[in-house]
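J.: Output the structure for:
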Amino acid sequence: MSFYKRIDHVIIAVNSVEETAKLYTDVYGMSAGVIISSLRRGVRTQKIFTGNAYIELAQPLHPNSPMATFIKERGEGLYLVCVQVTNMIEAVKALQAKGARVVGAEQAASHDSRGGIFIHPKSAHGALIQLME
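T.: As a prediction, the model looks like this:
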């Protein structure tokens, strides 16, 4: 499908942003941004820069947050892959036509995809994929 541009970023669920960032910077030689706490998302995050994309480390702020639940059920690891698309409406229509379960599809039609357009993990072998223009 020709509407894909590139991977924008991936999110890795972690128990400690500081410990994980130390691994990525000290061992792998990557550079890290500042730690940001987002009460709205319920996470502390830190970007690890990798060229034209980035890795976002995400640590839950609350024991009942979606990120905390993910870590309890699956352990630390890949949480989300965000892919840029050239045209959100075209992408959503094409994916739905192929049978993919797209969460937030109605937002794409209204040109308000700020809340996120996602391919449901059940349509992607357990991976949560976010689409962004």
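J.: Could I get the full set of helices for this structure?
T.: 17-22, 66-74, 88-97, 105-109 (DSSP state H).
J.: centroid residue for the protein?
T.: Among the residues of the chain, residue 80 comes closest to the average C-alpha position under Cα atoms, centre = their mean, at 3.5 Å.
J.: now that one: how far from residue 29?
T.: Distance, residue 80 to residue 29, using Cβ to Cβ, to the nearest Å: 24 Å. (C-beta placed from N, C-alpha, C; glycine too.)
J.: Figure out which of the helices of the chain is closest to residue 8.
T.: helix 88-97 (13.3 Å; Cβ to Cβ).
J.: Restricting to C-alpha, output that closest one in CSV.
T.: Provided in CSV are the C-alpha atoms of helix 88-97 (Å, rounded to 0.1, in the frame of the first residue of the first chain):
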residue,chain,number,x,y,z
MET,A,88,-4.9,9.3,6.7
ILE,A,89,-8.3,9.0,5.1
GLU,A,90,-6.9,6.9,2.2
ALA,A,91,-5.0,4.8,4.7
VAL,A,92,-8.0,4.1,6.9
LYS,A,93,-10.3,3.3,4.0
ALA,A,94,-7.7,0.9,2.4
LEU,A,95,-7.0,-0.9,5.7
GLN,A,96,-10.7,-1.3,6.5
ALA,A,97,-11.4,-2.6,3.0
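J.: packing partners for it?
T.: Counting contacts by 3 or more Cβ pairs under 8 Å, 6 or more residues apart in numbering; DSSP states H and E, helix 88-97 packs against strand 102-103, helix 105-109, strand 117-119, strand 129-132.
J.: mean pLDDT for the helices of the chain: which is lowest?
T.: Set side by side, the helices of the chain give their lowest mean pLDDT on helix 105-109, at a mean of 74.
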